[in-house]
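Student: Kindly generate the corresponding structure for this input.
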Amino acid sequence: MAAKPKFTANQVYAVIKPFSLTDEQEAAVQLAPVDSPSLVVAGAGSGKTELMAVRVLWLVANGFARPEQILGLTFTRKAAAELSKRIYESLLKLRDSELWPVDLEYDFAPPNISTYNAYANSLFRDFALAIGYEPEAALLTEAAAFQLAREVIVRRGSEVDSRLTDVDLNLNPLIDAVLALAQEMNDNLVAAAQIEDVIDGVINSLSDLPKKVGSTDTTQFAYMADILKPLVSTPVIAKLAEAYIDEKRRQGYVDYSDQVALAERAVREVPALRERERSSYSQILLDEYQDTSYLQTRLLKNLFSGSSVFAVGDPNQSIYGWRGASASNLSQFHEDFESGEAAADFTLSTSWRNPASVLELANRLTGDSKVVTLKAREGAGDGLISVKFEQDMHQEAGAVAAWFKAKMTGDSTGALLMRKRSQMPLFVSALEDQGIEVEVIGLGGLL
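Tutor: Residues are numbered from 1 along each chain as shown. Here you go, the predicted model:
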C-alpha cells in the first residue's frame, strides 16, 4: 500500500499557477493510485496536458517517484516536445519551492517523454541482436520501401502466387496495396495464411446467397462479381506483402511499421527487456490513449500491466482509426492492464477553450456517442455560432475570406479546417486576395 501523500494536488499546482484545479482535475491527480493502473476520460480542451504535468509534480513532490522514473508517451514529436518542456519547466519551479524532496538532488535527470514509436524503436535497437537483427538496421524511406516492394513483385510475383497473372491490377497501385497491407499485417500480427482463411470463409458464406430466379445453373447475380473482386485479390496481395516483409528482413532493413512490431516481439522473447523497463520506470503516463493501435496496446500491456499506468484519452477524438486504433482501447484498458478490483476511472469535463454555445452544439452533435459531456469554464462567454450557405465553393471561399478579414485585427490569428486537400488552393487564394497572410499545414486537410 502506498504511503499517504504529504501534499495535495492544489498545493503542488500553486507552485506553477496562481489558480486552483477543478474538482475533477484534483481527483485525477491525487486519487489515481500510484501502484496500479488508472484511466482518465477527458473531453476536448479539458486540460489533458496540464493534468499530466501536475500529476508528475505531485508524484515527485510526495516522493512516489523520482523524475527519471517517469515515462510519458504521446503520438507526435511536437506533442512530446511540448509536454517535455512543460514538465521540465514545472519541475524547475518545484525544485525552487519548499515542496522539493530533501533527498532529491538539485541537478535532477528529467522524465523520459517520447512518442510511442520512438520509444518502441529504442527498445528494438537495444535488444535487436537478441531477436536476430542488427541494432543499426537501416530505416527504409518511403521511396526505398516502394522500390523494394516493386522488386519483390516483378522478380518473385508469379512464384509467390500463381494467381497474380489473373489479378487485374496495375503495378503502381499493386505496390501501394502491398505496402499498405504489409503495415496492417505488422500492426495486427497476422500472416498471409490467416488473411486467406478469413477471405475463404467470407467467399464460402456468400456462395450460399440466392441465385438468379429461373436459372438452370448456379449463376449468381451480377453484383456478386463486384463484391467478390477485391476479396479475390486480397490473398494474393497478402502473400506479396509477406514476401516483401521477408525480403526486407533478409536485407536487414526495417521500416516505420516494424518499429513497434519488433519491439513487441523483443518484449515477448527477451525477459530482460521487460525487467529493465519495469525497474527503470515506476510511473507511466500515456497521452491520447484512444489512438493507440492494437500492437502498441499489446506492447505496453506486456511491459507494464499491473503497474502504475496513468492513461488519458477521449474516444470522441480518435483520429487514427485507419492505423488500427479503436475507441474500444479505453473500454478494455482495465482488463488489458490488469487493474482488477482496484480499477480507477476519472473524467475531465470542463473545456477551457470554448464558449458555452459552442459546447452546447458540440454535445448535441456527438449525441449518444459522447462519453464526457463538456461544460464551459467559469467566466466563459456565451459565444456566437454563425452558419452560412453559399451557392458554390467559389462563393463560399469568398465569404470565408471576408469573414476572416473582418475578425482579424492587429496581431490576431485564426484557423480554418478543411475537409479536403483539393479545396485548399481555392481558399488560400481567397484569403490572400483579402490581404491575409496564410500558412498551409498539409496534415490531412488542415489549413
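
Student: so which helix or strand takes in Gln25?
Tutor: Secondary-structure element containing Gln25, defined by DSSP states H and E: helix 23-31.

Student: Could the C-alpha coordinates of that helix be exported in CSV?
Tutor: What follows is helix 23-31 as a C-alpha-only set of coordinates in CSV (Å, rounded to 0.1, in the frame of the first residue of the first chain):
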residue,chain,number,x,y,z
ASP,A,23,-12.6,19.2,-8.6
GLU,A,24,-12.2,16.6,-11.4
GLN,A,25,-8.6,17.6,-12.1
GLU,A,26,-7.8,17.4,-8.4
ALA,A,27,-9.3,14.0,-8.0
ALA,A,28,-7.5,12.6,-11.1
VAL,A,29,-4.1,13.9,-9.8
GLN,A,30,-4.3,12.8,-6.2
LEU,A,31,-6.7,9.9,-6.1
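
Student: Contacts made by whichever helix or strand comes after that helix with the rest, please.
Tutor: As assigned by DSSP H and E, the chain's next helix or strand after helix 23-31 is strand 38-42. Taking contacts as Cβ atoms under 8 Å, 6 or more residues apart in numbering, the residues outside strand 38-42 that touch it are 28, 32, 48, 51, 289, 308-315, 330, 333-334, 339, 344-348, 371-372. Using the backbone N, CA and C atoms, a C-beta is placed for each residue, glycine as well.

Student: ok and strand 38-42 relative to helix 23-31, angle-wise?
Tutor: Computed with axes from the mean of the first three to the mean of the last three Cα atoms, to 10 degrees, the direction of strand 38-42 lies at 160 degrees from that of helix 23-31.

Student: ok, for Gly306, nearest residue in space, not its chain neighbours?
Tutor: The spatial neighbour of Gly306 that comes closest, neighbours along the chain excluded (Cβ to Cβ, 6 or more residues apart in numbering), is Glu338 at 4.6 Å.

Student: I'd like the average pLDDT over stretch 269-287.
Tutor: The average of the pLDDT scores along stretch 269-287 is 97.

Student: Check the offset of that stretch from the chain's centre.
Tutor: Its chain's C-alpha centre lies 20 Å from the corresponding centre of stretch 269-287 when counted by Cα atoms, centre = their mean, to the nearest Å.

Student: What would it look like as PDB? C-alpha coordinates only.
Tutor: As requested, the backbone C-alpha atoms of stretch 269-287 are provided in PDB (Å, rounded to 0.1, in the frame of the first residue of the first chain):
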ATOM      1  CA  GLU A 269      11.100 -13.100 -26.400                       C
ATOM      2  CA  VAL A 270      13.600 -11.300 -24.100                       C
ATOM      3  CA  PRO A 271      12.600 -11.300 -20.400                       C
ATOM      4  CA  ALA A 272      15.400  -9.000 -19.600                       C
ATOM      5  CA  LEU A 273      13.800  -6.200 -21.600                       C
ATOM      6  CA  ARG A 274      10.600  -6.200 -19.500                       C
ATOM      7  CA  GLU A 275      12.600  -6.400 -16.300                       C
ATOM      8  CA  ARG A 276      14.800  -3.500 -17.300                       C
ATOM      9  CA  GLU A 277      11.800  -1.200 -18.200                       C
ATOM     10  CA  ARG A 278       9.800  -2.100 -15.100                       C
ATOM     11  CA  SER A 279      12.800  -1.400 -12.900                       C
ATOM     12  CA  SER A 280      13.600   1.900 -14.700                       C
ATOM     13  CA  TYR A 281      10.000   3.300 -14.700                       C
ATOM     14  CA  SER A 282       7.600   3.100 -11.800                       C
ATOM     15  CA  GLN A 283       5.100   5.700 -13.300                       C
ATOM     16  CA  ILE A 284       3.900   5.500 -16.900                       C
ATOM     17  CA  LEU A 285       1.800   8.300 -18.400                       C
ATOM     18  CA  LEU A 286       0.000   7.600 -21.700                       C
ATOM     19  CA  ASP A 287      -1.400  10.500 -23.700                       C
END
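
Student: in that stretch, what's buried?
Tutor: 270, 273-274, 277, 281-287 (16 or more other Cβ atoms under 10 Å).

Student: ok, which stretches of the stretch 51-200 of the chain are strands?
Tutor: Listed from the start of the chain, the stretch 51-200 of the chain has strands (DSSP state E, counting those that start in this stretch) covering 70-74, 112-115, 138-139.

Student: Sounds good, over and out.
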